[in-house]
Structure formats: structure tokens, C-alpha cells
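Engineer: Model the structure of this input:
(one chain, ligands or ions: 1)
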Amino acid sequence: MPTNPPRAAALHALFGGTFDPIHYGHLRPVEALAAEVGLNQVTLLPNHVPPHRPQPEASAQQRLTMVELAIADNPLFAVDDRELQRSSPSYTVETLETLRKERGSTQPLAFIIGQDSLLSLHKWHRWQDLLSYCHLLVLARPGYGEQMETPALQRWLERHRVRDAAALSEQPQGYLYLAQTPLLEISATEIRERRHHGISCDDLLPRSVQRYIELQGLYR
Ligand code: ATP
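Structural biologist: Here you go, the predicted model:
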């Protein structure tokens, strides 16, 4: 009887963010991305915001609780709070380096970012090393153009870009995939602003998260 070759491990994706608060602009496009590229699980990775950057309004624990509430009934999502547990901030590339060591060299890994993050990726610490640890999956986001800032950055994008999602499971890292995800004009900034002005945020984020925001008196 012929034996089947060992199956490659399924593509696993991580999605970092400040999540101050988490909203449908995070959740819905990622759900669509999961269907588009075939992801069984997406791990949300709330960031530790370094002291020199504008601080989130919610505490690390509150941001984590909101993420947990938002994903409670959705088996697609898990949360990894390692960046929040650290006493000092870590760069995304360092977290990905650690995850790559934990998962081994052959596991296909991906990091999800929105189009706005892609356009400013060249400002991230060791940005060119990111693709040595994972693929990058980019969510469409309204209001952000398709063109990178310089021809050199555009060439970098085209060099790594794949249009066939199947490629993402065939290599452990190194590809960039621009997804055709739905455009949701929602930002955490808008939610905080609305709350500051007492405007309803219905339809922008899950009810459970809205209730928690109310109870904690956040974004007043
Ligand atoms: P803020 O308004 O506070 O800057 P945000 O809404 O952009 O926050 P973040 O937690 O900073 O949310 O975002 C985490 C990731 O999610 C980033 O890569 C960002 O590009 C992406 N993202 C956020 N909102 C959307 C959206 N509406 N559509 C697509 N991607 C998004």
C-alpha cells in the first residue's frame, strides 16, 4: 500500500493590535480572510504600547478582557497575551521570532495587518526581517491607497506578493498576500470619539464589549 506523504501543518495566523477597543473592523475582515485563504484559527495578539507612544485609554487588562469577550463565541479566534505579560514592550518582529522558534521551521505562519499598517510598515523595527518569520496577510481598509510610498517599497511588495492563497500553505514564510476582504469604515479612534461625545456605537463592535465599556466607564 502506498503511504501518503506527511501533511504540511495548517497555516496559522496571528493578528496584532492595540484593540482599544476591539471592533467589527478587526473581526469581520479577519473572518472573511479566514474563509478566503483557509485559516482554521487566528490568534489575536494585543500589544504592549511603549511609554513613548500615545497610551491606550483602556488598561492592558481591560483591552485583554474586551478581546476575550469579543471572541467568546467564535471558535475561529484565540488570544495570546504574551506581549501584555511582559514588563517591557517587545517589537512585533521579536514576538514573531519567538513564535517561529516555538512552532518550528516548517509550520506556515502568517501575520495579519490592515492596509494602513502595510503603508507604514517601513517604519517598523526591522521591518524587512518580518518576512523571514512569517507571511504577511493584508486586509483592505477604506481610505488607504494601494500604492506604497516609494518605488523601492513598491518593488519590495511586488517581489514578495503572491496572488494564489494556496502558496501560503506551501512555504513557512516569505509571502505577502493582499486580501479581497470587505471594507469596513470603523476605527477604534472613531469609537472612542463617539463615546466622548455620547454618540451610540451600536453596530461598530460586539454587544458584550459595549456592555463592558459601559460598566467600566471607559472612553468617557
Ligand atoms: P486606532 O484608531 O486607535 O489607531 P485601529 O482601529 O486602527 O486603532 P488597531 O488596534 O490599531 O485598531 O489595529 C490593529 C490592526 O487592525 C492594524 O493592522 C490595523 O491596520 C487593522 N485594522 C483596524 N481597523 C481596521 C479596519 N476597519 N479594516 C481593516 N483593518 C483594520
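Engineer: Show me the strands in the chain, by range?
Structural biologist: Under the criterion DSSP state E, strands of the chain are mapped to 12-17, 42-46, 77-79, 109-114, 135-139, 176-178.
Engineer: Mean neighbour count, the ones you listed: which tops it?
Structural biologist: strand 135-139 (a mean of 25; mean count of other Cβ atoms under 10 Å). C-betas here are computed from N, CA, C, even on glycine.
Engineer: what's the longest helix in this protein?
Structural biologist: Ordering each helix of the chain by length in residues (DSSP state H) puts helix 24-37 first.
Engineer: So for that one, what gets flagged as buried?
Structural biologist: The neighbour-count check on helix 24-37 (16 or more other Cβ atoms under 10 Å) flags Y24, G25, H26, L27, P29, V30, E31, A32, L33, A34, V37 as buried.
Engineer: Mind picking the one among these that's closest to the ligand?
Structural biologist: Nearest to the ligand among these is G25, at 2.5 Å by Cβ to the nearest ligand atom.
Engineer: elements contacting the helix or strand of the chain with the lowest mean pLDDT?
Structural biologist: Of all helical and strand segments in the chain, the minimum by mean pLDDT, DSSP states H and E falls on helix 82-85, at a mean of 93. For helix 82-85, the elements it packs on are strand 42-46, helix 60-71, helix 92-103, judged by 3 or more Cβ pairs under 8 Å, 6 or more residues apart in numbering; DSSP states H and E.
Engineer: Run the angle between the last one and strand 109-114 for me.
Structural biologist: Direction vectors for helix 92-103 and strand 109-114, defined by axes from the mean of the first three to the mean of the last three Cα atoms, to 10 degrees, enclose an angle of 150 degrees.
Engineer: got it, and the shortest one?
Structural biologist: For strand 42-46 and strand 109-114, the angle between their directions (the same axes, to 10 degrees) works out to 60 degrees.
Engineer: Please apply the same query to the second one.
Structural biologist: With the same axes, to 10 degrees defining the directions, helix 60-71 sits at 100 degrees from strand 109-114.
Engineer: what comes into contact with helix 60-71?
Structural biologist: With contact meaning Cβ atoms under 8 Å, 6 or more residues apart in numbering, helix 60-71 is reached by 18-22, 27, 44, 46, 48, 56, 58, 77-79, 81, 84, 205-206, 208-209, 212-213, 216, 218.
Engineer: ok, 7 Å please
Structural biologist: With contact meaning Cβ atoms under 7 Å, 6 or more residues apart in numbering, helix 60-71 is reached by 19-22, 27, 44, 46, 48, 56, 77, 79, 81, 84, 206, 208-209, 212, 216, 218.
Engineer: returning to that earlier point: as TSV, the helices and strands packed on helix 82-85 with mean pLDDT and distance to H12 would be great.
Structural biologist: Formatted as TSV, the helices and strands packed on helix 82-85 follow (pLDDT from 0 to 100; distance: least, Cβ to Cβ, whole Å):
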stretch	mean pLDDT	distance to H12
strand 42-46	98	7
helix 60-71	98	16
helix 92-103	96	7
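Engineer: Out of the ones you listed, which is the most enclosed?
Structural biologist: Comparing those by mean count of other Cβ under 10 Å gives strand 42-46 as most buried, with a mean of 22.
Engineer: Does it pack against any helices or strands, and if so which?
Structural biologist: strand 12-17, helix 60-71, strand 77-79, helix 82-85 (3 or more Cβ pairs under 7 Å, 6 or more residues apart in numbering; DSSP states H and E).
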